[in-house]
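In: using only what follows, build the 3D model:
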Amino acid sequence: MPKVGMQPVRRRQLIDATIETIHRHGFADTTISRIASAAGMSSGIISHYFGGKNALLEATMRFLMQELRNDYLMRLDRAKTPIDRLEAIVNTNFNEEQFTPQVTVAWLSFWAQVPFSKALHRINSIYFQRLASNLRHELRQLTTDQRADEISAAMAAMIDGIWVRSGLSSGRADVGAARVMVLGTMHLYLANSPAR
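Out: Below you'll find the predicted structure:
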């Protein structure tokens with residue numbers, strides 16, 4: 001009989017094992033057996049908790065997005081100005097817990113599967129829309145609506161582009177440099193934009 005309260009612990013162990021297994025073997029060669037082995041559990045437990053590999057990838061991406069959201073809300077609570085809130089958005093997207101080789105490879109694997117899965121497409125759409133909406137909302141406090149749309153699109157493309165480059169390169173990416181690059185570009189845009 002399973003211990004009471006073990007489900008969240010086991011689910012988290014399986015999500016961590018999924019991220020590690022994708023990093024080591026790539027999504028195509030990430031099998032239920034390898035994930036179970038990395039988690040120190042039986043293959044049947046994955047089916048019990050998730051139903052299969054694709055559902056586990058979906059749960060992993062939902063978990064990573066929720067972690068980003070929690071981090072953002074914590075940073076947002078301390079932010080006082082639109083610039084502070086924009087910095088919170090950028091700093092959240094390059095937080096130390098997620099901007100790692102293991103997690104960037106997991107995100108790349110997720111993005112590669114988006115065109116082939118309605119569930120993953122929906123998760124990705126939520127991520128894209130939330131990022132764009134948060135950026136636009138703060139930028140519209142500082143410049144015109146049109147310019148805010150342009151700057152938010154550029155910032156979102158830079159954030160995603162840096163993640164892709166990081167996932168395709170070896171070693172750990174420089175979190176500080178990523179933040180400086182995006183925020184520096186934002187400040188250049190704003191310096192050449194009409195004020196609100």
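In: what's the mean pLDDT across stretch 37-54?
Out: Mean pLDDT, stretch 37-54: 87.
In: show me what contacts the residue lying closest to Leu168 once chain neighbours are set aside?
Out: The shortest distance from Leu168 to any residue other than its chain neighbours is 7.3 Å, reached at Leu108 (C-beta to C-beta, 6 or more residues apart in numbering). Backbone N, C-alpha and C define where each C-beta goes, glycine included. Applying C-beta atoms under 8 Å, 6 or more residues apart in numbering to Leu108 gives the contacts 163-164, 167-168.
In: next: Asn95.
Out: 68, 71, 175.
In: list just the nearest of those residues to Phe128.
Out: Taking C-beta to C-beta as the measure, Phe128 sits nearest to Leu68 out of the contacts of Asn95, at 12.9 Å.
In: once you drop chain neighbours, what's closest to the closest one?
Out: Counting by C-beta to C-beta, 6+ apart, the residue nearest Leu68 is Thr92, at 5.8 Å.
In: tell me how many other residues crowd that neighbour.
Out: Using other C-beta atoms under 10 Å, the number of residues around Thr92 comes to 22.
In: host element of it?
Out: helix 82-93 (DSSP states H and E).
In: next structured bit after that helix?
Out: The first helix or strand that comes after helix 82-93 along the chain, using DSSP H and E, is helix 101-113.
In: next helix or strand past that next one?
Out: helix 118-139.
In: the helix or strand just after that next one - contacts with which helices or strands?
Out: Once the chain leaves helix 118-139, the next helix or strand it forms, by DSSP H and E, is helix 145-168. Using 3 or more C-beta pairs under 8 Å, 6 or more residues apart in numbering; DSSP states H and E, the elements in contact with helix 145-168 are helix 82-93, helix 101-113, helix 118-139, helix 175-191.
In: and the contacts of helix 145-168?
Out: 90, 93-94, 99, 101, 104-105, 107-108, 111, 128, 131-132, 135-136, 139-140, 142-143, 173, 178, 181-182, 185-186, 189-190, 193-194.
In: pull out the buried residues from those.
Out: 90, 93-94, 99, 104-105, 107-108, 111, 131, 135-136, 139-140, 142-143, 173, 178, 181-182, 186, 189-190, 193 (16 or more other C-beta atoms under 10 Å).
In: how about the lowest-mean-pLDDT helix or strand in the chain: buried residues?
Out: The weakest-scoring helix or strand in the chain, judged by mean pLDDT, DSSP states H and E, is helix 43-49 (a mean of 86). Going by neighbour count (16+ other C-beta under 10 Å), the buried part of helix 43-49 is 45-46, 49.
In: likewise for stretch 143-159?
Out: Of all the residues in stretch 143-159, those buried under the rule 16+ other C-beta under 10 Å are 143, 147-149, 151-152, 154-156, 158-159.
In: redo those residues as JSON lines? Include pLDDT and distance to Leu76.
Out: As requested, the buried residues of stretch 143-159 are exported to JSON lines (pLDDT from 0 to 100; distance: C-beta to C-beta, whole Å):
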{"residue": "Thr143", "pLDDT": "96", "distance to Leu76": "20"}
{"residue": "Arg147", "pLDDT": "96", "distance to Leu76": "23"}
{"residue": "Ala148", "pLDDT": "97", "distance to Leu76": "18"}
{"residue": "Asp149", "pLDDT": "97", "distance to Leu76": "21"}
{"residue": "Ile151", "pLDDT": "97", "distance to Leu76": "19"}
{"residue": "Ser152", "pLDDT": "97", "distance to Leu76": "17"}
{"residue": "Ala154", "pLDDT": "97", "distance to Leu76": "22"}
{"residue": "Met155", "pLDDT": "97", "distance to Leu76": "17"}
{"residue": "Ala156", "pLDDT": "97", "distance to Leu76": "18"}
{"residue": "Met158", "pLDDT": "97", "distance to Leu76": "20"}
{"residue": "Ile159", "pLDDT": "96", "distance to Leu76": "17"}
